[in-house]
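A.B. asks: Need a 3D model of the following:
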Amino acid sequence: MKMEEPRTEHHWLERLVGDWAESPAAVEAAPEASVWAETVRSMGGFWVVLEGKGQMPGGAPGETLMTIGFDSAKGKYVGTWQGSMMNRLWVYEGFLDPTGNVLTLECDGPDFDVEGKTARYRDVITFVDENHRTFTGLVETEDGSWNKFMETHFWRR
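C.D. replies: Take a look at the predicted model:
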């Protein structure tokens, strides 16, 4: 079997690699000074693994694990997300916008307002510049519009 070589889409993921803090003040301080911190590493040039740790809204500790890669056969970015605050594995498919600065990952998951119902979600990673990015969570409403329920800014350490 011939080993695959990373493509341009895989190389884009390398922008995420490094240590990130949720506040500019925490960039110079110790990691524990940040409400939320993320360490991102490459796995073979095909995947990135994002490990988050910090304080959840309300003060409880939390951890997250996200993987992102590019599936050449599908022509899409793919990935997963899981968190210590729930037992659901979220499975993504997504795309990069034409500017090359916005990665949109979509998935289905439980509707947190209506028990037993599912909803469509978007997690959007936006590079403001190489050392500042955002992570925005959106849920699709009944009229097809997208409602932002969270946005976090990260600065590279």
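
A.B. asks: I'd like the next helix or strand past the lowest-mean-pLDDT helix or strand in the chain.
C.D. replies: Using mean pLDDT, DSSP states H and E, the weakest-scoring helix or strand in the chain turns out to be helix 24-28, at a mean of 57. Next in sequence after helix 24-28, counting helices and strands by DSSP states H and E, comes strand 36-43.

A.B. asks: tell me what that following strand is packed against?
C.D. replies: Judged by 3 or more CB pairs under 8 Å, 6 or more residues apart in numbering; DSSP states H and E, strand 36-43 is in contact with strand 18-21, strand 47-55. The C-beta positions use only the backbone N, C-alpha and C, and glycine is treated the same way.

A.B. asks: The nearest residue to Val124 once chain neighbours are set aside: what's it in contact with?
C.D. replies: Closest residue to Val124 apart from its sequence neighbours, by CB to CB, 6 or more residues apart in numbering: Thr136 at 4.5 Å. Taking CB atoms under 8 Å, 6 or more residues apart in numbering, we find Thr136 in contact with 122-124, 126, 148, 150-152.

A.B. asks: Show me what Thr136 bridges to in the sheet.
C.D. replies: Val124, Glu151 (DSSP bridges).

A.B. asks: about what we covered before: what would the helices and strands packed on strand 36-43 look like in JSON lines with mean neighbour count, distance to Gly69 and mean pLDDT?
C.D. replies: Formatted as JSON lines, those follow (neighbours: other CB atoms under 10 Å; distance: least, CB to CB, whole Å; pLDDT from 0 to 100):
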{"stretch": "strand 18-21", "mean neighbour count": "20", "distance to Gly69": "18", "mean pLDDT": "95"}
{"stretch": "strand 47-55", "mean neighbour count": "18", "distance to Gly69": "4", "mean pLDDT": "95"}
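
A.B. asks: All good on my end, thank you.
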